[in-house]
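Colleague: turn this into a structure:
(chains A and B)
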2 protein chains.
Amino acid sequence: MLLAQLGVACENIPVDLPSGQNKQPAYLALNPRGQVPLLEDEGELIWDSQAILVYLARRYGGENWLPTAPLAMARIMQWLAVSENEIQYGLARARAALQFGAPWNVEDCQRVGRAALQLLEGQLEKSAWLAAEHITIADLACYPYAALAPQSGLDLAPFLAVLAWISRIQALPHYVGMPNMIEMAGK
Amino acid sequence: MLLAQLGVACENIPVDLPSGQNKQPAYLALNPRGQVPLLEDEGELIWDSQAILVYLARRYGGENWLPTAPLAMARIMQWLAVSENEIQYGLARARAALQFGAPWNVEDCQRVGRAALQLLEGQLEKSAWLAAEHITIADLACYPYAALAPQSGLDLAPFLAVLAWISRIQALPHYVGMPNMIEMAGK
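Modeller: This next block holds a predicted model:
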């Protein structure tokens, strides 16, 4: 999504997760964490989704997607942290449990996921974008599992500001979603 | 710790967590997440530990603690992500379960915590500091629960590079630890 927004072309190389290719020595030599995505750019390997967002924003986005002024950057980091905590361990895990049988406690994850949506709602009632007067990587990091919340068993209907924000993101030129995301967000 | 390294004075205002002061409306108005720490600086409120590290590094640390070049910043973000994931949900949760009776599965958390230590060890076998040729907020973010690993039921003895890194951090001028940390790290 950020690559599309930045107009930067890339080649996608699939990694076969079901067969465990990501835990084989050849892949672990590239990314010791054994996760996807992994970015290669100008001969450098960068692992971790948020590190990749930060890299691309700084490398190709000037000050637009990740400003470097102290307070502006801190505001973005707050929402990257929400994405790594309440969203990842709440919304994403509830979805993984419900959709793919992952061994997480659905109710516990939904409780954390609901807290994530409330945090987003509280901010988005006050501002169109999470961390600045324009879209930043904070919005891109929080967006996917928020828009997929119905797959986590959580109803987005009470979260009016979140729904409006989802619509704003989906209306972006060069928008790229995940399968079923637009349909699910409207439910 | 970062404030001490930067030589920036601060006032500490305790929040009574056992009584739930952090979940009361007065505190939630300052930090909607209901967590500590919360930083106030120049009239602005910043929540989330990592956002606070980023803010202080950018505001008072020049390019030393958080460089802004794309690749340099991405390298730091990688370890902030490990701190927010494997360290927080592995090492810190195993410690919370063992030391304070938190309701987490100790073995699951220890497995994730061991992966965190292996990631740190892999990097620290190659470099003295995690993300640059000098100490950065990456080291400060990963350090506390790594040094407290014995309280998570994990033995640091096999992690020679981690132990050497802990010693380097504890030898810093203006080092600030947590209770029992130095003693535990040596075990």
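Colleague: A:Leu56: what's its closest spatial neighbour, skipping adjacent residues?
Modeller: Once flanking residues are discounted, A:Leu56 sits nearest to A:Leu2: 5.2 Å by CB to CB, 6 or more residues apart in numbering or on different chains. For the C-beta atoms, the positions are set from N, CA and C on the backbone; glycine is no exception.
Colleague: helix or strand: which one has the residue nearest to A:Ala74 when sequence neighbours are not counted?
Modeller: Nearest residue to A:Ala74, sequence neighbours excluded (CB to CB, 6+ apart): B:Tyr55, at 3.7 Å. Using DSSP states H and E, B:Tyr55 maps to helix B:49-60.
Colleague: would you put the C-alpha positions of the helix or strand just after that helix in PDB?
Modeller: Scanning forward in sequence from helix B:49-60 by DSSP H and E, the next helix or strand is helix B:70-82. The C-alpha trace of helix B:70-82 is given here as PDB (Å, rounded to 0.1, in the frame of the first residue of the first chain):
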ATOM      1  CA  PRO B  70      16.300   5.900   6.000                       C
ATOM      2  CA  LEU B  71      18.400   2.800   6.600                       C
ATOM      3  CA  ALA B  72      19.700   3.900  10.000                       C
ATOM      4  CA  MET B  73      16.200   4.700  11.300                       C
ATOM      5  CA  ALA B  74      14.900   1.400   9.900                       C
ATOM      6  CA  ARG B  75      17.600  -0.600  11.800                       C
ATOM      7  CA  ILE B  76      16.400   1.000  15.000                       C
ATOM      8  CA  MET B  77      12.800   0.400  14.200                       C
ATOM      9  CA  GLN B  78      13.500  -3.300  13.800                       C
ATOM     10  CA  TRP B  79      14.700  -3.600  17.400                       C
ATOM     11  CA  LEU B  80      11.900  -1.400  18.700                       C
ATOM     12  CA  ALA B  81       9.600  -3.900  17.000                       C
ATOM     13  CA  VAL B  82      11.300  -6.800  18.700                       C
END
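Colleague: how far is helix B:70-82 from where the chain is centred?
Modeller: A distance of 14 Å separates the centroid of the chain from that of helix B:70-82, by CA atoms, centre = their mean, to the nearest Å.
Colleague: need the contact partners of that helix.
Modeller: Residues from elsewhere that reach helix B:70-82 (CB atoms under 8 Å, 6 or more residues apart in numbering or on different chains): A:33, A:44, A:46-52, A:54-55, A:58-59, A:84, B:50, B:53, B:66-67, B:116, B:119-120, B:123, B:130-132, B:136-139, B:141-142.
Colleague: quick one: mean pLDDT for that helix?
Modeller: Mean pLDDT, helix B:70-82: 98.
Colleague: now stretch A:15-26
Modeller: Summarised as a single mean, pLDDT over stretch A:15-26 is 95.
Colleague: if you count neighbours, what's buried in it?
Modeller: The neighbour-count criterion (16 or more other CB atoms under 10 Å in any protein chain shown) identifies A:Val15, A:Asn22 as the buried residues of stretch A:15-26.
Colleague: need the distance between the two termini of it.
Modeller: Criterion CA to CA, to the nearest Å; first-to-last residue distance in stretch A:15-26 is 11 Å.
Colleague: and that stretch, how far out from the chain middle?
Modeller: Per CA atoms, centre = their mean, the centroid offset for stretch A:15-26 relative to its chain is 22 Å.
Colleague: quick one: is it near chain B?
Modeller: No: with CB under 8 Å from any CB of the partner chain as the criterion, chain B is not reached by stretch A:15-26; the gap is at least 11.4 Å.
Colleague: now A:Ala164: phi and psi?
Modeller: A:Ala164 adopts backbone torsions of phi -60, psi -40, taken as degrees, to the nearest 10.
Colleague: wait, it sits on A:Ser127?
Modeller: No: the pair A:Ala164 / A:Ser127 is not scored as a contact, 11.5 Å apart, by CB atoms under 8 Å.
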